[in-house]
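> Here is my input, please return the structure:
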Amino acid sequence: MDRRSDKHPALVIDGSGGSVFAGVLDGGGWLAKAERAGAPLENLFPTVEEALRAADLRLADIRGYLYCEGPGSVLGLRLCAMAIETWTRLHPASAQLQKYNSLRLCALALLQNAPDLEDALIVADWKKGAWNALKITGGTAGSTEVIDDEALAAWGGALYHLPQRKGWQSPPAGAETLAYDPARIAELRAHPQLLQPTEGVQLHNTGINTFQKWTPTRHRA
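Sure, this is the predicted structure:
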């Protein structure tokens, strides 16, 4: 098989978690992969360079990108987005993009590990009193939504927690911690719920931004 056909080789980039992940996929699986712990600002480009070097490829050889839309580290996701947007302009042949959701990747990996799992809730920290959440119902992963502490406390089934790089609150009581593993993409990429083609890099939007109107007033004693 020509590894440069059917969007291959594809570069996978994920900066959503506590480490930066990069890997090169062809039709059969991983050609190479690399992962570095630490801040994405310092580690994104060295991680990508390491993966490309191990695969004996250059950015000009890449024919597609698989990237994480989030939720996760805002800085990591944005840095990955800027890098991909730049590289696809420098090398237009690589401008075939597919995104995946970090919580859905965890859910599909969890279901593969435990095929008998019917109902579960996976949560990740968003901000104080609020969580990004994905519910598994009848063995099928749902959509990512935001829930509050009250809804989380009312959940009585299996509960899993995906740690974030910087959290605003402690993990929920009784939750089992998940290890985030982007390398599972190689075995799960054919699942119809995982990858979605995009025209440009699109990041997950947890909620609608609200802004407080500024009212100028004179300082008074």
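> Can you give me the neighbour number for the residue lying closest to Trp155 once chain neighbours are set aside?
Of all residues not flanking Trp155 in the chain, Leu121 sits nearest, at 5.2 Å (CB to CB, 6 or more residues apart in numbering). (Glycine included, C-beta is placed from N, CA and C.) The number of residues packed near Leu121 is 24, by other CB atoms under 10 Å.
> tell me which element Leu121 falls in.
Assigned by DSSP states H and E, Leu121 belongs to strand 120-127.
> which residues in the chain form helices?
Assigned by DSSP state H, the helices in the chain fall at 40-55, 74-90, 102-113, 149-154, 185-188.
> Domains in this structure, by residue range?
Following the assignment in automatic domain parsing, the chain carries domains at 10-100, 103-177.
> Please name the residues that touch Gln196.
By CB atoms under 8 Å, 6 or more residues apart in numbering, the contact set of Gln196 is 98-100.
> beta partners of it?
On the basis of DSSP bridges, Gln196 is bridged to Lys99.
> any idea how far it lies from Arg104?
Distance, Gln196 to Arg104, by CB to CB, to the nearest Å: 10 Å.
> any idea how far Trp30 is from Gly139?
27 Å.
> Same question for Ser102.
Counting by CB to CB - Ser102 and Gly139 are separated by 20 Å.
> gap between Glu69 and Glu85?
Applying CB to CB, the value for Glu69 to Glu85 is 14 Å.
> who has more neighbours, these two?
Applying other CB under 10 Å to Glu69 and Glu85 shows that Glu69 carries more neighbours, namely 22 against 14.
> quick one, what contacts that one?
Going by CB under 8 Å, 6+ apart, Glu69 touches 77, 99-102, 202-204.
> ChimeraX command to pick out the buried ones of those residues?
Burial among those is assessed by 16 or more other CB atoms under 10 Å; the matching ChimeraX selection reads:
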select :77,99,100,101,102,203,204
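> Which two of the contacts of Glu69 have the greatest separation?
Maximum pairwise distance among the contacts of Glu69 (CB to CB): 13.9 Å, between Ser102 and Gln202.
> wait, isn't Thr137 in contact with Asp119?
Yes - if you go by CB atoms under 8 Å, Thr137 and Asp119 touch, sitting 5.9 Å apart.
> do you know how far the nearest residue to Val201 once chain neighbours are set aside is from Arg165?
Excluding the flanking residues, the one nearest Val201 by CB to CB, 6+ apart is Ala81, at 4.2 Å. Between Ala81 and Arg165 the distance, using CB to CB, works out to 16 Å.
> And Ala186, by the same measure?
Applying CB to CB, the value for Ala186 to Arg165 is 23 Å.
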